[in-house]
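Asks: Give me a 3D structure for the following:
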Amino acid sequence: MTHIPAPEVLISEVGPRDGLQSVGATMPTADKLRWIDALAAAGLREIEVASFVPAQLLPQMADAAQVVQHALRHTGVRVMALVPNLRGAQAALQAGAQKLTLPVSASPAHSLANVRKTPEAMVDEVRAVLRLRDEIAPGVPVEVGVSTAFGCTLQGAVPEDDVLRLAAQLAQAGVNEIGLSDTTGMGNPAQVSRLFKRMFQEIGPLTGAAHMHNTRGLGLANCLAAYEAGVRTFDSSLGGLGGCPYAPGASGNVVTEDLVFMFEAMGVSTGIDLNRLMDARAPLRAGLPGEPLYGMTPEAGLPKGWV
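Replies: Residues are numbered from 1 along each chain as shown. You can find the predicted model right below:
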């Protein structure tokens with residue numbers, strides 16, 4: 001068995017949620033469960049497995065509770081669910097989710113399109129979720145991903161001060177972790193580095209994940225910039241699936257296989273077995289036949305002598 005050193009970064013796999021909600025077809029539940037099993041077998045330690053939203057809005061997520069309950073069998077995996085509001089949080093906690101993530105947009109235009117609330121109203125919603133968590137599941141961390149942190153297809157530029165003000169309000173509310181999401185793939189490495197450094201100054205160790213999209217080919221470069229700024233948690237999606245149904249033009253997440261290869265090639269341990277990770281594409285392909293999968297590393301293969 002391959003010896004895998006202790007991980008230095010956390011790769012949070014968001015494909016079963018962010019990936020699947022962005023494609024037209026609905027993956028059958030049995031295929032979804034097999035895919036999650038394969039991701040866990042590859043060594044992923046955090047998987048965002050579902051989104052708790054009304055099934056009529058996102059039929060791809062109608063089986064969210066069942067998927068969470070299945071994923072809980074994997075003892076080495078933290079099972080995370082996205083929840084847009086208090087009702088979703090209640091359903092996710094009742095299903096047994098071990099971590100909640102809420103999107104809060106820094107762009108008022110995107111926020112209204114996505115959740116029909118202003119960013120300020122979403123901070124109030126987060127406070128309500130935190131109260132509920134304290135009542136019924138006090139050990140469950142709540143993360144907020146500040147979406148459109150690097151620009152918005154609806155609004156255009158998003159002022160960095162707006163992002164930092166929102167992060168400070170969320171920190172004050174009692175959120176466990178606050179990440180930055182390049183929802184529309186508009187960020188560049190200089191911007192990513194600058195904003196994460198300012199985040200660390202503003203909220204310190206509450207600074208969480210970098211969630212980058214590869215819309216303009218800068219996903220990996222932006223992850224590297226975030227790493228060099230001090231970030232140690234990265235969201236990505238197997239095969240690069242995923243976008244945002246309410247952000248026109250937003251395309252795939254950073255490809256997990258390429259992100260893991262980059263870090264491992266740099267000598268930064270992810271705790272993930274790359275061969276098994278690439279094997280996890282098979283159940284994904286079986287469950288979504290005809291859906292394009294991306295990634296340079298799976299196409300090129302691992303370099304000669306790779307251990």
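Asks: mind checking the longest helix of this structure?
Replies: helix 119-136 (DSSP state H).
Asks: For the helix or strand hosting G208, give the mean pLDDT please.
Replies: Using DSSP states H and E, G208 sits within strand 207-211. Strand 207-211 shows a mean pLDDT of 98.
Asks: what packs against the longest helix of the chain?
Replies: In this structure, helix 119-136 packs against helix 86-95, strand 99-105, helix 108-115, strand 142-147, helix 160-173, with contacts taken as 3 or more C-beta pairs under 8 Å, 6 or more residues apart in numbering; DSSP states H and E. (Glycine included, C-beta is placed from N, CA and C.)
Asks: Report all helices and strands that the least confident helix or strand in the chain by mean pLDDT contacts.
Replies: When each helix and strand of the chain is scored by mean pLDDT, DSSP states H and E, helix 108-115 comes last, with a mean of 90. For helix 108-115, the packing partners by 3+ C-beta pairs under 8 Å, 6+ apart come out as strand 99-105, helix 119-136.
Asks: If you count neighbours, what's buried in it?
Replies: Going by neighbour count (16 or more other C-beta atoms under 10 Å), the buried part of helix 108-115 is P108, H110, S111, L112, A113, N114, V115.
Asks: coming back round to it: out of the helices and strands packed on helix 119-136, flag the one nearest R198.
Replies: Among the helices and strands packed on helix 119-136, helix 160-173 comes nearest to R198, with 5.9 Å by C-beta to C-beta.
Asks: which stretches of the stretch 151-300 of the chain aren't confidently modelled?
Replies: 243-251 (pLDDT under 70).
Asks: What segments of it are strands?
Replies: Ranges of strands within the stretch 151-300 of the chain are 177-181, 207-211, 233-236, based on DSSP state E, counting those that start in this stretch.
Asks: Check those strands for me and report the most buried one.
Replies: Burial of those is given as mean neighbour count (mean count of other C-beta atoms under 10 Å); strand 207-211 ranks first at a mean of 28.
Asks: which helices and strands does it pack with?
Replies: strand 142-147, strand 177-181, helix 189-203, helix 219-228, strand 233-236.
Asks: Relative to that strand, what are the paired strands and their orientations?
Replies: According to DSSP bridges, strand 207-211 has the following sheet partners: strand 177-181 (parallel), strand 233-236 (parallel).
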